[in-house]
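Novice: For reference, the sequence and a predicted model appear below.
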Amino acid sequence: MLDKIKNAKNEFNNYIKQVKDKNTLEELRLKFLVKKGTIQQLLDELKNVPVEQKPLFGKELNLFRKYAEETFENLKVQFADKQEVNKIDITLAGRTGYKGAFHPVRQIFSEMISIFTDMGFEVAEGPQIEDEFHNFDALNFQSDHPARDMQDTFFIKSYRDDNKLLLRTHTSPVQIRIMQTKPPPIRCIMPGRVYRNEAISARSLAEFHQIEGLYVDRSVSFAELKATMIVFAKKMYGANSEFRFRPSYFPFTEPSAEIDISCFLCKGAGCKICKGTGWLEIAGCGIVHPNVLNNCGIDSEEYSGYAFGFGIERVALLRTGITDIRYFYENDVRILQQF
Ligand code: DAH
């Protein structure tokens, strides 16, 4: 009996060597592991052996059976048909991939930058953590002037009391950094993120974006500023859009103006968005104040310049027709996907 078990085991091992796919594995199963297979036959024979030999043969046979079954299970995994495991229905309609896109605010940035660079402006950047000197003093904000309160500033706790650090409230300090390092002529745009301690609402955020512009050369005039702004705005908003220049005040420009575009929603008739005026403000601009040039070491007798600043989210609202600025940053793809 022991010899029979040994022979069966040898035979089994020889079979294993020939197993190379699902079919040959099935042959192995049919030969050894089914009801009429070799192992069951040997178990049946166990009945006929003398009682005292039963434990020894029984043990050997059980070991062999266990070995055969485990080997079979392992081979089954090895030869499992992958397609059967994760059944793929090739007749199903495919899932199309999700196509990403630039955020609308980023798209506006790119478009504005390309219009201005076509007009000969270079692109420059400055730090988002600024100091009082660049953000206010050099821009002609007097220390006790209420204009400082126009921009609710996030100050940064720091070891110094003079020239405190802050999150820049506008991109205008980049003007200063450029003028301090580069002699005229200067023709630059300065895109970037700015921060103000504002209550968040449909019209304002505490963190938003601006593009600053600066042109400094000999005898730069307000007429040139106006022409540049109109050429830009017509390219950006279409040849039929209407603009107006409204006198305004900024410490760093004199004279100063704000540029309005006729309201995209009511087309000038007056609505909630334009607060009934028919106009929406898109930029501030003006002739660079002589004090600002002098603060940067540029002789205001010899040079003059113009500057402008656009709020990007405002432009993006006009462009997309979205009426609540918060939608831009709630990351709801159903909204962002549309642009
Ligand atoms: N810095 C101004 C602001 O954030 C915007 C601005 C107005 C920038 C007039 C300019 C300018 O360069 O000439 O409100």
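Specialist: Perfect, I can see it now. Numbers count the residues shown, from 1 in each chain.
Novice: Surely R246 touches P255?
Specialist: No. Between R246 and P255 no contact is recorded; they are 11.4 Å apart, counting by C-beta atoms under 8 Å. Glycine gets a C-beta too; all of them are placed from N, C-alpha and C.
Novice: out of those two, which sits in the busier spot?
Specialist: Neighbour count, other C-beta atoms under 10 Å: between R246 and P255, P255 has more, with 14 against 11.
Novice: Now do the SS call for that one.
Specialist: strand (DSSP: H, G, I helix; E, B strand; the rest coil).
Novice: Now tell me which helix or strand of the protein has the poorest mean pLDDT.
Specialist: Among the helices and strands of the chain, helix 82-85 carries the lowest confidence by mean pLDDT, DSSP states H and E, at a mean of 56.
Novice: Would you mind identifying the next helix or strand past that helix?
Specialist: The element immediately downstream of helix 82-85 (helix or strand, assigned by DSSP states H and E) is helix 104-118.
Novice: ok, and what's touching that next one?
Specialist: Contact with helix 104-118 is made by 102, 123, 189, 191, 209, 211, 213, 232, 235-236, 310, 312-313, 315-316, 319-320, 328, 336, 339, as judged by C-beta atoms under 8 Å, 6 or more residues apart in numbering.
Novice: average pLDDT across it?
Specialist: Helix 104-118 shows a mean pLDDT of 95.
Novice: Show me how far that helix is from its chain's centre.
Specialist: 17 Å (C-alpha atoms, centre = their mean, to the nearest Å).
Novice: burial count for A269?
Specialist: 11.
Novice: what residue ranges in the stretch 1-150 of the chain score low on pLDDT?
Specialist: Residue ranges of the stretch 1-150 of the chain with pLDDT under 70: 81-86, 146-150.
Novice: Please name the residues that touch the nearest residue to F245 once chain neighbours are set aside.
Specialist: The shortest distance from F245 to any non-neighbouring residue, by C-beta to C-beta, 6 or more residues apart in numbering, is to A257 (4.5 Å). If a contact means C-beta under 8 Å, 6+ apart, then A257 has F245, R246, P247, S248, G284, C285, G286 as its contacts.
Novice: wait, which of those residues is closest to the ligand?
Specialist: Closest approach between the contacts of A257 and the ligand, by C-beta to the nearest ligand atom: G284, at 2.6 Å.
Novice: Surely that closest one and P255 touch.
Specialist: No. Under the criterion of C-beta under 8 Å, G284 is not in contact with P255, lying 11.8 Å apart.
Novice: For I108, grab the count of nearby residues.
Specialist: Considering only other C-beta under 10 Å, I108 is surrounded by 26 other residues.
Novice: show me what contacts Q40?
Specialist: By C-beta under 8 Å, 6+ apart, the contact list for Q40 reads V34.
Novice: got the end-to-end distance for stretch 94-109?
Specialist: Stretch 94-109 has an end-to-end distance of 36 Å (C-alpha to C-alpha, to the nearest Å).
Novice: tell me which residues in that stretch are buried?
Specialist: Neighbour-count burial for stretch 94-109, counted by 16 or more other C-beta atoms under 10 Å, picks out P104, V105, I108, F109.
Novice: any idea how far the second one lies from N294?
Specialist: V105 sits 35 Å away from N294, taking C-beta to C-beta, to the nearest Å as the criterion.
Novice: in the helix or strand Q40 falls within, what's buried?
Specialist: Using DSSP H and E, Q40 sits within helix 38-45. When burial is assessed from 16+ other C-beta under 10 Å, helix 38-45 yields the following buried residues: T38, I39, L42.
Novice: quick one: the strands in this protein?
Specialist: For the chain, the strands defined by DSSP state E cover 122-123, 129-131, 165-167, 186-195, 207-217, 243-250, 253-262, 279-288, 304-311.
Novice: pLDDT averaged over stretch 304-323, what's the number?
Specialist: pLDDT averaged over stretch 304-323 gives 90.
Novice: mind listing what's buried in it?
Specialist: Under 16+ other C-beta under 10 Å, the buried positions of stretch 304-323 are 304-320, 322.
Novice: Also near the ligand: which of the residues you listed, exactly?
Specialist: A307, F308, G309 (C-beta under 6 Å from any ligand atom).
Novice: Roughly how far does the first one sit from R193?
Specialist: Which is A307. Per C-beta to C-beta, A307 is found 19 Å from R193.
Novice: ok, now which ones touch I312?
Specialist: Contacts of I312 (C-beta under 8 Å, 6+ apart): V105, I108, F109, M112, P191, F208, H209, Q210, I211.
Novice: make it 10 Å
Specialist: 104-106, 108-109, 112, 171, 191-194, 208-211, 328 (C-beta atoms under 10 Å, 6 or more residues apart in numbering).
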